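**Q** Build me a model from this:
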Amino acid sequence: VEFVESGGGMVQSGESLRLSCAVSGFLFSTYDMAWYRQVPGQEREWVAIIEASGRALNYSDSVRGRFTISRDNSKNTLYLQMNNLNSGDTAKYYCNGDPVSRQRWRRLFRNFGQGTQVIVSS
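**A** Numbering: from 1, shown residues only. Next up is the predicted model:
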């Protein structure tokens with residue numbers, strides 16, 4: 001199982017970024033997926049969850065209305081469109097199975113990728 005995140009960078013407050021996550025090693029189209037983020041010294045938190053079919057399930061309060069999660073099952077790729085970024089969004093972003101999937105299939109989803117760094121300057 002491999003997750004390869006990309007698309008991060010340094011932007012100014014109010015700008016946008018689109019993250020991508022290329023997935024391999026399992027049947028991507030059958031699992032609910034999520035984007036997570038982590039700031040050094042803090043726990044990793046989920047920010048957006050999407051069903052296997054492509055319907056967005058949930059967003060964390062801090063990103064709802066600004067971020068949009070999507071997926072292309074034909075390309076085994078997960079996306080996160082991030083608009084109106086602010087300094088609170090500065091973190092390293094990761095993709096993986098959603099929290100329920102990670103609990104249910106622990107061995108499958110035990111590892112995270114390298115992540116992609118997002119830095120938002122005010």
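**Q** The residue nearest to Gln12 when sequence neighbours are not counted: how many residues sit nearby?
**A** Distances taken as Cβ to Cβ, 6 or more residues apart in numbering put Ser121 closest to Gln12, at 5.5 Å, once the chain neighbours are dropped. C-beta coordinates here come from the backbone N, C-alpha and C atoms, glycine included. Other residues near Ser121 come to 11 when the count uses other Cβ atoms under 10 Å.
**Q** so how far is Arg66 from Ser121?
**A** 17 Å (Cβ to Cβ, to the nearest Å).
**Q** check contacts around the residue nearest the centre of the chain.
**A** Centrality entry for the chain: nearest residue to the mean C-alpha point is Trp35, 2.0 Å, by Cα atoms, centre = their mean. Listed by Cβ atoms under 8 Å, 6 or more residues apart in numbering, the contact set of Trp35 reads Leu19, Cys21, Trp46, Val47, Ala48, Phe67, Ile69, Leu78, Leu80, Tyr93, Tyr94, Cys95.
**Q** can you check Asp32 too?
**A** Counted by Cβ under 8 Å, 6+ apart, Asp32 has contacts Ile49, Ile50, Glu51, Ala52, Leu57, Gly97, Asp98, Val100, Ser101.
**Q** contacting residues for Ala48?
**A** Counted by Cβ under 8 Å, 6+ apart, Ala48 has contacts Ala34, Trp35, Ala56, Asn58, Tyr59, Ser60, Val63, Phe67, Thr68, Ile69, Leu80.
**Q** ok so it is a helix residue?
**A** No: if the criterion is DSSP: H, G, I helix; E, B strand; the rest coil, then Ala48 is strand and not within a helix.
**Q** From Ser13, how far off is the closest residue in space to it that isn't next to it in sequence?
**A** Take Ala48 and drop its neighbours on the chain: the residue closest to it by Cβ to Cβ, 6+ apart is Ile69, 3.8 Å away. From Ile69 over to Ser13 the distance is 22 Å, taken as Cβ to Cβ.
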